[in-house]
Each structure stands twice: as C-alpha cells, then as structure tokens.
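[1] Would you be able to build a 3D model of this:
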Amino acid sequence: MFKIRGRNVLVLSLALTLCLIGYLNYAIGKYTALETSTEFQKYEEKKLAELHNEENVKDANLTIESTDSNESIKEEMDVVDSSNCEVNDIIQKTSKNIKETINSQKVNRTNYFIESRLNMNLEREKMVSLLNEIINNDKTDEENTKAATNEKMKLIDIMNKEKIVENLIESKGFENALVFITDNSVNVIVEIEQLADSDVAKILDIVMRETKYSPEHIKISNKF
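    Now for the predicted structure:
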C-alpha cells in the first residue's frame with residue numbers, strides 16, 4: 001500500500017512539475033512575443049521615419065536639380081538669344097582659324113596634310129553648328145535665317161570644289177594637295193621639295209578652270 005501511495009505522489013509531483021514548466025514556457029513565450037512585437041513595431045516606426053526623411057531629401061534634391069536645370073536651359077537660351085552672332089562674323093572667324101592652321105609652323109611637317117585637313121574639317125563643323133543655331137532659332141529674323149542657310153549651302157559647294165581640285169592636282173603627280181577656298185582667294189599647298197614653274201602652271205590651270213578665280217587671287221606654296 002505504501003509503495004502504491006509513494007508512486008501516486010511521485011506521479012502527481014511530476015505532473016505538477018510538467019504543468020508548471022508548461023506554464024512558465026507559455027508565459028516566457030508570451031512575454032518574448034510581446035517584447036519582439038514591441039521591438040519590431042519600434043524598428044518599423046524607425047524605418048518609416050528614415051524613409052520619410054529620405055523621400056523629403058530626394059524631393060528637395062529633385063526640386064533643386066529641376067531649378068538648376070531650368071536655370072541652365074535659360075542661360076543657354078539667353079546665350080543664343082543675346083549673342084547676336086552675324087553670319088559674316090562666323091565666316092570670317094572660321095576663315096581666319098583655317099588660315100592660321102595651314103600657315104602654322106607648329107604643325108608636324110611629317111603629318112602636315114593630315115593634321116591641317118583634320119583642323120579644317122573641325123573648323124567647318126563648328127561653322128555649320130553655329131549656322132544651324134541661327135537657322136533653327138525661332139528668334140532669328142528672316143534675313144539672318146536666309147543668310148545662314150545660303151552660307152551653309154555655299155560651304156557644302158566649296159568643300160566639294162576643294163576635294164575635286166585636290167584630286168586633280170594629285171593626279172598630276174603630286175603626293176599630297178591641300179586646297180582652301182574662300183570668297184576672294186584660293187590657297188593651295190602641295191607636297192613637293194621645290195616648285196618648278198611647270199608645276200605652278202599645272203596647278204594654276206586646274207584651279208582657274210574649276211574655281212573661276214584669276215591668278216592674282218590664287219596662292220600656291222609647297223611643303224616637304
């Protein structure tokens with residue numbers, strides 16, 4: 001009998017212990033869940049606040065960038081509108097730059113024709129770009145628009161003539177030829193150690209025939 005009772009007490013004690021452990025686990029779990037939930041809520045609120053601040057900063061930056069962009073566009077428009085570039089000024093400046101290039105002593109003699117032709121093309125591209133700005137600007141009057149358009153077409157014709165003359169000169173036995181045509185002159189540079197009278201006569205004949213310029217407006221020189 002004693003043994004039976006002893007066992008019952010033991011079983012009852014174990015049952016109570018298990019119940020107590022279960023309750024403690026439940027309480028701890030509930031407290032942990034509550035604490036985790038609170039911490040998560042705090043974390044979420046913190047992140048939302050940070051996100052809100054970032055959005056405000058981003059919006060402010062966008063506003064600043066938009067303002068800067070508008071100011072930049074306005075400044076560019078003002079430059080175009082207030083420049084009052086005349087077509088003749090553009091032509092004269094381009095011609096001056098090209099003449100300085102082909103007459104420059106700084107150009108490498110070995111690559112003279114390559115570098116000079118490249119510089120000429122770059123100056124012509126700048127000229128076309130400026131003419132296009134005048135043509136496409138709504139504030140340009142009709143007279144300047146027409147003048148810019150005519151000069152653009154004239155430039156294309158001149159460049160074609162220059163290429164034709166260069167090819168014809170080179171076909172006469174010259175290694176290289178560089179031709180620069182303006183409204184009142186033609187500059188010809190050929191690659192040869194020394195120009196003979198016969199060479200000058202050949203070149204003059206080609207230039208006069210293709211450009212209709214008289215000899216006094218044609219300058220022929222050599223580079224070697």
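
[2] got the buried residues for the helix or strand hosting Ile189?
    Ile189 is located in strand 186-191, with elements delineated by DSSP states H and E. Within strand 186-191, the residues that count as buried by 16 or more other CB atoms under 10 Å are Val186, Asn187, Val188, Ile189, Val190. Where you see a C-beta, it was placed from the backbone N, CA and C, and this is true even at glycine.

[3] Apart from its neighbours in sequence, what residue is nearest the fourth one?
    So the one you mean is Ile189. Leaving out its chain neighbours, the residue that sits closest to Ile189 by CB to CB, 6 or more residues apart in numbering is Leu178, at 4.5 Å.

[4] just the second one next, same as before
    Using CB to CB, 6+ apart and skipping residues adjacent in sequence, the residue nearest Asn187 is Phe180, 4.3 Å away.

[5] Quick check: the one you found vs Thr101, distance?
    9 Å (CB to CB, to the nearest Å).

[6] Then Ile158?
    16 Å.

[7] Then Thr149?
    Where Thr101 is concerned, Thr149 sits at a distance of 26 Å (CB to CB).

[8] and these two? which has more neighbours close in?
    The residue with more neighbours, out of Thr149 and Thr101, is Thr101; 19 against 15, by other CB atoms under 10 Å.

[9] hang on, the earlier thing: show me what the strand holding Ile189 is packed up against.
    In terms of contacts (3 or more CB pairs under 8 Å, 6 or more residues apart in numbering; DSSP states H and E), strand 186-191 is packed against helix 87-102, helix 112-136, helix 142-170, strand 177-181, helix 197-211, strand 218-223.

[10] Residues contacting the second one, please?
    Read that as helix 112-136. With contact meaning CB atoms under 8 Å, 6 or more residues apart in numbering, helix 112-136 is reached by 80, 85, 87, 90-91, 94, 97-98, 101-102, 107-108, 140, 144-145, 148-149, 151-152, 155, 159, 176, 178, 180, 189, 191, 223.

[11] Which among the residues you listed count as buried?
    Using 16+ other CB under 10 Å as the burial test, the contacts of helix 112-136 include 80, 85, 87, 90-91, 94, 98, 101-102, 107, 140, 144-145, 148, 151-152, 155, 176, 178, 180, 189, 223 as buried.

[12] quick one: low-confidence ranges for the protein?
    Within the chain, the ranges that satisfy pLDDT under 70 run 1-85, 107-109.

[13] quick check: domain ranges of this protein?
    Domains of the chain are assigned by automatic domain parsing as 1-83, 87-223.

[14] how close does the closest residue in space to Ile181 that isn't next to it in sequence sit to Glu210?
    What sits nearest to Ile181 in space, not counting adjacent residues and going by CB to CB, 6+ apart, is Ile158, at 4.9 Å. Distance of Ile158 to Glu210, given as CB to CB: 11 Å.

[15] do Lys146 as well
    Distance from Lys146 to Glu210, by CB to CB: 27 Å.

[16] Of those two, which one has the most company?
    Of the pair Lys146 and Glu210, Glu210 is the one with more neighbours under other CB under 10 Å, namely 17 against 13.

[17] Which residue is the nearest non-sequential neighbour of the more buried one?
    For Glu210, ignoring the flanking residues on the chain, the nearest one in space by CB to CB, 6+ apart is Val165 at 5.2 Å.

[18] got a list of what the one you found touches?
    Counting by CB under 8 Å, 6+ apart, Val165 makes contact with Ala177, Val179, Ile181, Val186, Val188, Ile206, Val207, Glu210, Thr211.

[19] What is the neighbour count of the second one?
    Going back to what we said before, that points to Val179. Close neighbours of Val179, defined as other CB under 10 Å, add up to 28.
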